[in-house]
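>>> Sequence first, then the predicted structure:
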Amino acid sequence: MKVVLIGAGRIGRLHARLLAVTPGVDELVIADALAERAAEAAAEVGGRAASSIEAALDEAEAVVIAAATTAHAELIRASADRGLPTFCEKPLAEDIASTLDVAAHVERTGIRFQLGFQRRFDPAYREARRMIESGELGTLYAFRLAGHDPEPPHESYIPQSGGLFRDFSIHDFDVLRWLTGHEVVEVYADGSVLGFPMFAKYGDVDTAIATMKLDDGALGVLTVTRHDPLGYDIRAELFGSKDSISVGLGPRTPIRSVEPGVPPQAGPAWPHFLDRFDTAYRAEFAAFLRVAAGDEPSPCTARDGVQALRIAEAATLSLHEHRPVRIEEIPGS
C-alpha cells in the first residue's frame, strides 16, 4: 500500500520512521508545507518526498496526517473527499464546533478513519481494559490518573495549544472512556501557575487537577503538570472490588519512595512520550494498515475524538468558571 505522510515535524518524523518499517507499507511518500523538511524526512527513512501536499494526496492509497493541529480539519476533509483511508493524530480540529463538523464529514463520506490516541495500543493499558471487561477487577470504585510532562513546551506553542486539558489531558480523557467503557458525566477542574509565568500570559496553567464522575458512579481524579524534574510520568491507577492495579508503575516510573528500606527505581526514567509509547505507536500503525485494507473496523473513530474533546472542553470551562460542569453542557452533535 502506498502511504502518504503529511507533516514532517517532530511527531511526523517519528511516524516516518515507524511507517517505513510497518508491514504492508510498500511505499512511503512524505509531504509538508515546507518542501525541504519533507525532503529531509524522506531521506532519513528511504521514502520519497512529494512536490506538494495536493500532489501527494492525488497519488495516495492511504493517508497519515501528522501536521500542525490547525491544519488537521482541512487535511482530513481533503483526504475524505478523495475517499482515502485516513489516520490523523489527535485532535480532529481546534475547537468543538470544528471537531463536530469534521466528524460529520468523515461519517458522511464513509471513509475508513482512525484517530491517533496511541495509549489504546499500549500493552499495559490493554491488560487493564481486559481485566475490567472480564470482571477480574470487580466493580470499579475509583481511579487516579497522572499526566506529568518532563518540561514545558516552548512559549510559542502555548497560544496555539488550546490549553492544558485540550492539548495534554485529552489522552487521559480518551483512555479513561476506553478502559472503563463508561462516559464521564461531570467534571470539576482547577489549576495554577506555579513554576512558569509564561503560561499566565495566555490564560493557561502549568499545573491542574480534574475530578470526574462516570455514568456508573465511579469517581476519580487526574493530576497534570507541565514539569516533572524526574521524567515523563503517565499512570492510571484503578481500584475495584476484587483488585487494585496500576498502568505505568515500573522500574522506569519517575517517582521514588521515601519508605525506609525501599530501593530506588531501577531506571532510567522515561524521558519523553516518544520513548514511553514506542511499542504503542508501532501497534497503532499496524492496526491502521488493517483498517485501511478493510480487514477490521476502526479502533478509534472520529466520534471518539468528539467525546474526548467534550471532556477536555468541560474541564477547561470548569477551570475558568470555578464550578462543576456537566458534559451535557458541551455540544455533542
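Happy to help now that I have it.

>>> The chain: strands as residue ranges?
For the chain, the strands defined by DSSP state E occupy 2-6, 27-31, 48-49, 62-65, 86-89, 113-116, 140-148, 184-192, 207-214, 219-225, 233-240, 244-247, 325-326.

>>> In terms of secondary structure, what does the third one contact?
Helices and strands touching strand 48-49, by 3 or more C-beta pairs under 8 Å, 6 or more residues apart in numbering; DSSP states H and E, are strand 27-31, helix 35-45. C-beta: built from backbone N, CA, C; applies to glycine.

>>> Which one of these lies nearest to residue 235?
helix 35-45 (32.2 Å; C-beta to C-beta).

>>> Pull out the buried residues from that closest one.
By 16 or more other C-beta atoms under 10 Å, the buried positions in helix 35-45 come out as 37-39, 41-42, 45.

>>> If you count contacts, what does that helix end up packed against?
helix 10-20, strand 27-31, strand 48-49.

>>> In TSV, list those along with mean neighbour count and mean pLDDT.
Shown next, in TSV, are the helices and strands packed on helix 35-45 (neighbours: other C-beta atoms under 10 Å; pLDDT from 0 to 100):
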stretch	mean neighbour count	mean pLDDT
helix 10-20	20	94
strand 27-31	24	98
strand 48-49	18	97
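
>>> I'd like these as JSON lines, with distance to residue 328 appended.
Shown next, in JSON lines, are these (distance: least, C-beta to C-beta, whole Å):
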{"stretch": "helix 10-20", "distance to residue 328": "33"}
{"stretch": "strand 27-31", "distance to residue 328": "40"}
{"stretch": "strand 48-49", "distance to residue 328": "47"}
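
>>> For residue 127, find the nearest of the ones you listed.
helix 10-20 (22.4 Å).

>>> Just the C-alphas of that closest one, formatted as PDB.
What follows is helix 10-20, C-alpha atoms only, in PDB (Å, rounded to 0.1, in the frame of the first residue of the first chain):
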ATOM      1  CA  ARG A  10       8.800  16.100  15.400                       C
ATOM      2  CA  ILE A  11       5.900  13.700  15.500                       C
ATOM      3  CA  GLY A  12       5.900  13.400  11.700                       C
ATOM      4  CA  ARG A  13       9.500  12.200  11.700                       C
ATOM      5  CA  LEU A  14       8.700   9.700  14.400                       C
ATOM      6  CA  HIS A  15       5.800   8.400  12.300                       C
ATOM      7  CA  ALA A  16       8.000   8.300   9.200                       C
ATOM      8  CA  ARG A  17      10.500   6.100  11.000                       C
ATOM      9  CA  LEU A  18       7.700   3.800  12.200                       C
ATOM     10  CA  LEU A  19       5.800   3.700   8.900                       C
ATOM     11  CA  ALA A  20       8.900   2.900   7.000                       C
END
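
>>> Mean pLDDT per helix and strand in this protein: which one sits at the bottom?
Lowest by mean pLDDT, DSSP states H and E among the helices and strands of the chain is helix 158-161, with a mean of 90.

>>> I'd like the helices and strands packed on strand 48-49 laid out as a markdown table, including distance to residue 74.
Shown next, in a markdown table, are those (distance: least, C-beta to C-beta, whole Å):
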| stretch | distance to residue 74 |
| --- | --- |
| strand 27-31 | 14 |
| helix 35-45 | 18 |
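
>>> wait, which of these is closest to residue 60?
Among these, strand 27-31 sits nearest to residue 60 (C-beta to C-beta), with 7.1 Å.

>>> Pairing partners for the closest one, with directions?
Strand pairing for strand 27-31, determined by DSSP bridges: strand 2-6 (parallel), strand 48-49 (parallel).

>>> Which residues does the longest one contact?
Pointing back at strand 2-6 there. For strand 2-6, contacts defined as C-beta atoms under 8 Å, 6 or more residues apart in numbering pick out 12, 15-16, 19, 25-32, 41, 47, 50, 53, 56-57, 59-67, 75.

>>> can you check stretch 302-311 too?
Residues contacting stretch 302-311 (C-beta under 8 Å, 6+ apart): 90-92, 96, 99-100, 102-103, 106-107, 113, 115, 117, 166, 170, 173-174, 177-178, 183-184, 187, 212, 327, 330-332.

>>> Nearest to residue 258, out of the helices and strands packed on helix 35-45?
Of all the helices and strands packed on helix 35-45, helix 10-20 comes closest under C-beta to C-beta, at 35.3 Å.

>>> quick one: contacts of that closest one?
Here helix 10-20 has contacts from 3, 5-8, 25, 28, 30, 32, 41-42, 44-47, 64, 66-67, 89, 274, 281-282, 285, using C-beta under 8 Å, 6+ apart.

>>> run the last query once more with 7 Å
Helix 10-20 is contacted from outside by 3, 5, 25, 28, 30, 41, 44-47, 64, 66, 89, 274, 281-282, 285, using C-beta atoms under 7 Å, 6 or more residues apart in numbering.

>>> same deal with stretch 262-275?
With contact meaning C-beta under 7 Å, 6+ apart, stretch 262-275 is reached by 14, 150, 230-232, 251-254, 256, 276.

>>> Ramachandran angles for residue 136?
Dihedral pair for residue 136: phi -60, psi -30, per degrees, to the nearest 10.

>>> does it really touch residue 245, like I thought?
No - using C-beta atoms under 7 Å, residue 136 is not in contact with residue 245; the gap is 9.1 Å.
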